[in-house]
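Asks: Please work out how this folds:
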Amino acid sequence: MPTRKLLVIPVISRVSARKVSREFIENIYKKLKERNKNIEIKIFDPIVDERNLEEVIPRIDNELKDYNGFVIAHLTGGTSKIALEILTNLSVIKPFALLAFSSYNSMPSALNTRERMLQMLSRQIYIPIIYEQYELESLAKRFY
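Replies: Residues are numbered from 1 along each chain as shown. Coordinates of the predicted model:
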């Protein structure tokens, strides 16, 4: 069977970064790796924030060539602008989804990202938001 591949791009607000525990982030990474044995999943490093955004977008763009799609993981609130910068500056077009969590105001950022992206496109497209779910195999299958 061909390998299904997803790139997970974690984004974090610079303001919220100090509040977010390393254990929270490591737990997310661990669950993503454990629950997706049948797909190749890579978590982009480093975590993207306002400070490194400009330098990592070309790297993300280059890496996406090898993946069927990607997921922007909103680790905190205040990340919709970062996500939109990534989405609007990529030259490699791939299907994507947003991943949100119950902590650190993550879900409002994912919702805001989706709403603002739809406004920018001036049309309705399906942009899935995955909430507190770490199994991404069905998503990878659809992207493939």
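
Asks: Going by C-alpha atoms from here, please, whenever you check contacts or count neighbours.
Replies: Noted.

Asks: Tell me which residues of stretch 20-38 come out buried.
Replies: Under the neighbour-count criterion of 16 or more other CA atoms under 10 Å, stretch 20-38 has 28-29, 32-33, 36 buried.

Asks: Lowest-confidence one in these?
Replies: Looking at those by pLDDT, the weakest one is K33, with 90.

Asks: secondary structure class for it?
Replies: What DSSP: H, G, I helix; E, B strand; the rest coil gives for K33 is helix.

Asks: what sits against it?
Replies: I41 (CA atoms under 8 Å, 6 or more residues apart in numbering).

Asks: And for L64?
Replies: Contacts of L64 were listed using CA under 8 Å, 6+ apart, and they are 7, 70, 92, 94.

Asks: Between those, identify the one with the most neighbours.
Replies: F70 (24 neighbours; other CA atoms under 10 Å).

Asks: thought that one was touching A97?
Replies: Yes. With contact defined as CA atoms under 8 Å, F70 reaches A97; the gap is 6.7 Å.

Asks: What is the biggest helix by length in the chain packed up against?
Replies: Criterion DSSP state H: the longest helix present in the chain is helix 106-121. Applying 3 or more CA pairs under 8 Å, 6 or more residues apart in numbering; DSSP states H and E, one finds that helix 106-121 contacts strand 69-74, helix 80-89, strand 96-100, strand 129-131.

Asks: In CSV, list the C-alpha atoms belonging to that helix.
Replies: Taking Å, rounded to 0.1, in the frame of the first residue of the first chain, the C-alpha atoms of helix 106-121 are listed here in CSV:
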residue,chain,number,x,y,z
SER,A,106,-6.8,26.8,21.1
MET,A,107,-10.3,26.2,19.7
PRO,A,108,-11.2,29.9,19.2
SER,A,109,-8.0,30.3,17.2
ALA,A,110,-8.8,27.4,14.9
LEU,A,111,-12.3,28.7,14.4
ASN,A,112,-11.0,32.2,13.7
THR,A,113,-8.5,30.8,11.2
ARG,A,114,-11.2,28.9,9.3
GLU,A,115,-13.6,31.9,9.2
ARG,A,116,-10.9,34.3,8.0
MET,A,117,-9.6,31.9,5.4
LEU,A,118,-13.2,31.5,4.0
GLN,A,119,-13.6,35.2,3.9
MET,A,120,-10.3,35.6,2.0
LEU,A,121,-11.3,33.0,-0.5
